[in-house]
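Trainee: Please find the sequence and the predicted model below.
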Amino acid sequence: MSVTLTADMRAIIQAAHLCFAATVSPDGMPSVSPKGTIRVWDDQHLFFLDLASPGTRANLQARPWMELNVVEQLSRRGYRFFGPVTLHVGDAVFEDATGRVQSEAQTSFPVASVVLLAVERVAPLVSPGYWRVPDESAMRALWRERRAALDEEFEAYLAQVEPFRPSR
């Protein structure tokens with residue numbers, strides 16, 4: 001049984017461009033991993049590129065089910081998408097999905113696989129912060145201000161430490 005993605009779900013995914021993928025490891029342990037390439041495939045499917053996720057890939061090979069959480073940060077709302085997945089390497093899905101994301105990013109990068117989720121169930125994610133604001137416009141205004149303060153705080157921290165340089 002599949003779910004048809006709504007315009008709101010699509011807008012949240014497009015605005016967020018980040019999700020958290022929840023899988024279960026072969027030994028039964030939970031695993032959550034951020035994915036910055038979440039996109040809508042069609043009316044019933046989502047996908048992301050596996051850029052550097054051997055753990056997620058191994059988990060999905062053992063148990064091909066996943067939950068993706070997508071939240072638009074300022075609105076503090078989003079969706080939980082559940083369903084079975086298929087992994088794609090070197091096929092038409094792989095080529096199309098990779099092409100879409102890399103074209104949008106205007107760069108290329110190595111892709112290990114494409115993870116395609118067949119959405120069978122969706123649940124809304126809504127912050128309890130809505131208990132104290134009248135609507136989404138007020139929530140966004142509140143979080144624009146809060147986000148600016150958090151960014152300023154972090155910039156002050158970064159000015160005091162050596163710049164982060166990822167190991168390669």
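Mentor: Happy to help now that I have it. Numbers count the residues shown, from 1 in each chain.
Trainee: Can you give me the end-to-end span of stretch 49-66?
Mentor: With Cα to Cα, to the nearest Å as the measure, stretch 49-66 spans 14 Å from end to end.
Trainee: on contacts alone, who are the packing partners of the longest helix seen in the chain?
Mentor: Ranked by number of residues, the top helix in the chain under DSSP state H is helix 136-158. Contacting helix 136-158 under the criterion 3 or more Cβ pairs under 8 Å, 6 or more residues apart in numbering; DSSP states H and E is no other helix or strand. Quick note: C-beta positions are derived from backbone N, CA and C, even for glycine.
Trainee: rerun that using 10 Å as the cut-off
Mentor: strand 65-72 (3 or more Cβ pairs under 10 Å, 6 or more residues apart in numbering; DSSP states H and E).
Trainee: Quick check: mean pLDDT of the strand it packs on?
Mentor: The pLDDT scores in strand 65-72 average 97.
Trainee: after it, next one along is what?
Mentor: As assigned by DSSP states H and E, the chain's next helix or strand after strand 65-72 is strand 77-88.
Trainee: Between strand 65-72 and the longest helix of the chain, find me the angle.
Mentor: Put simply, helix 136-158 runs at 90 degrees to strand 65-72, going by axes from the mean of the first three to the mean of the last three Cα atoms, to 10 degrees.
Trainee: and helix 136-158, which residues are buried?
Mentor: By neighbour count with 16 or more other Cβ atoms under 10 Å, helix 136-158 contains the buried residues M139, R140, W143.
Trainee: Then stretch 4-23?
Mentor: For stretch 4-23, burial by neighbour count (16+ other Cβ under 10 Å) applies to L5, M9, I12, I13, A16, L18, C19, A21, A22, T23.
Trainee: Next up, the contacts around the residue nearest the centre of the chain.
Mentor: Taking Cα atoms, centre = their mean, the centroid of the chain lies closest to C19, which sits 1.5 Å from it. By Cβ atoms under 10 Å, 6 or more residues apart in numbering, the contact list for C19 reads 12-13, 33-39, 46, 48, 67-71, 78-81, 117.
Trainee: that older thread, got the contact list for the longest helix of the chain?
Mentor: 72-77, 126-127, 129-130, 132-133, 164.
Trainee: what mean pLDDT does it have?
Mentor: Averaging pLDDT residue by residue across helix 136-158 gives 97.
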